[in-house]
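**Q** Quick one, structure for this:
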Amino acid sequence: MGTVVSLTLPSASGADELVAATAVVERLFAGLDETFSLYRADSEASRLARAEIKLPDASGEMRRLYADAVGWRLLTEGAFTPERPDGVLDLSGIVKGYAIQEAGTSLLALGLRDWCLNAGGDVLVSGSPGAGSPGSGSDEPWRAGIVDPQDRRTLIAGYPLGGANSANGANGANLALATSGSAERGDHIWAAGAGAGAGARAASGVRGAPAFRQVSVAAADIVTADVLATAIVAGGMPMLDRATDGWNIEVLAVQAGGELLATPGFRR
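**A** Predicted coordinates for the structure are as follows:
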């Protein structure tokens with residue numbers, strides 16, 4: 001997926017736990033990359049893009065993820081879509097969140113309750129970084145930083161994730177934070193409703209000018225956070241209003257001119 005993945009366990013964790021957890025995460029991401037990466041000529045996604053196979057003949061995993069992406073397209077009224085403007089099926093807007101989610105499920109299945117998984121800046125946590133450490137409160141949340149799109153060496157905000165009894169979201173805490181925008185990879189998100197050849201521009205009411213340079217979404221699960229961050233970049237201000245009205249999320253959006261829009265959770 002062209003993404004750096006890191007896994008952090010509390011300092012009290014043993015070496016065996018870290019080795020087992022890392023192996024599980026590596027194996028899962030590698031397997032999904034073989035299926036969904038459009039950068040691999042031999043992947044199933046690339047074969048679909050070249051029309052060598054058709055979607056009804058694709059693997060069950062490909063069809064399930066496509067169905068989920070179509071569901072999100074309906075929920076976001078087209079701001080999120082699994083097809084590029086040229087008609088090619090591209091599930092990259094959902095597959096990373098799905099991969100992080102599956103990795104988190106695997107870590108919990110190993111009996112690990114306290115960890116932080118970061119894939120290309122999209123973060124999912126469970127429990128607390130202080131779990132098991134003498135003198136550390138196990139209710140301490142993980143803290144995720146959000147970089148300044150103007151200066152990647154600087155943080156513009158931080159957000160607490162997880163904390164006491166937060167494995168599986170038991171205490172209602174947000175466990176996931178995802179960021180989308182043009183700062184890292186340029187304008188790779190196409191506008192909602194863009195036709196073939198329209199390019200990757202986010203809708204803003206001003207033709208060709210994106211409303212948001214970067215959008216970060218905190219949510220209970222990583223797929224929701226990842227999809228809605230992408231949808232808000234693609235759909236501009238109307239999608240920002242729709243998302244904050246329709247989902248229990250917190251949002252920090254960096255406008256094209258550098259101004260910040262933040263929901264109460266981020267302002268706190």
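**Q** who's in contact with R64?
**A** Listed by C-beta atoms under 8 Å, 6 or more residues apart in numbering, the contact set of R64 is empty. Bear in mind the C-beta positions are built from the backbone N, C-alpha and C, glycine included.
**Q** Low-confidence ranges, the stretch 51-200 of the chain, go.
**A** Residues of the stretch 51-200 of the chain meeting the criterion pLDDT under 70: 132-138, 164-172, 182-200.
**Q** Walking through it, point out its strands one by one.
**A** Assigned by DSSP state E, counting those that start in this stretch, the strands in the stretch 51-200 of the chain fall at 115-119, 122-126, 142-148, 151-161, 176-181.
**Q** So which residue is dead centre in this protein?
**A** D226 (3.0 Å; C-alpha atoms, centre = their mean).
**Q** so who does the residue nearest to that one when sequence neighbours are not counted touch?
**A** Nearest non-adjacent residue to D226, counting by C-beta to C-beta, 6 or more residues apart in numbering: G97, 3.3 Å away. Applying C-beta under 8 Å, 6+ apart to G97 gives the contacts 122, 178, 222-223, 225-227.
**Q** from these, which two are the most distant?
**A** Greatest spatial distance in the contacts of G97: D122 and V227, 11.0 Å, computed using C-beta to C-beta.
**Q** neighbour-wise, which of those two wins?
**A** Taking other C-beta atoms under 10 Å, D122 and V227 do not tie; V227 has more neighbours (29 against 25).
**Q** for that one, helix, strand, or coil?
**A** Taken by DSSP: H, G, I helix; E, B strand; the rest coil, the conformation at V227 corresponds to helix.
**Q** Run a quick neighbour tally on A23.
**A** When neighbours are defined as other C-beta under 10 Å, A23 has 11 of them.
**Q** State the phi and psi torsions of it.
**A** The phi and psi values for A23, taken as degrees, to the nearest 10, are phi -60, psi -40.
**Q** the helices in the stretch 1-150 of the chain, which residues?
**A** Applying DSSP state H, counting those that start in this stretch to the stretch 1-150 of the chain gives helices spanning 15-36, 44-49, 60-75, 92-109.
**Q** As JSON lines, these with distance to Y159 would be great.
**A** Output for the helices of the stretch 1-150 of the chain, formatted as JSON lines (distance: least, C-beta to C-beta, whole Å):
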{"stretch": "helix 15-36", "distance to Y159": "22"}
{"stretch": "helix 44-49", "distance to Y159": "32"}
{"stretch": "helix 60-75", "distance to Y159": "23"}
{"stretch": "helix 92-109", "distance to Y159": "16"}
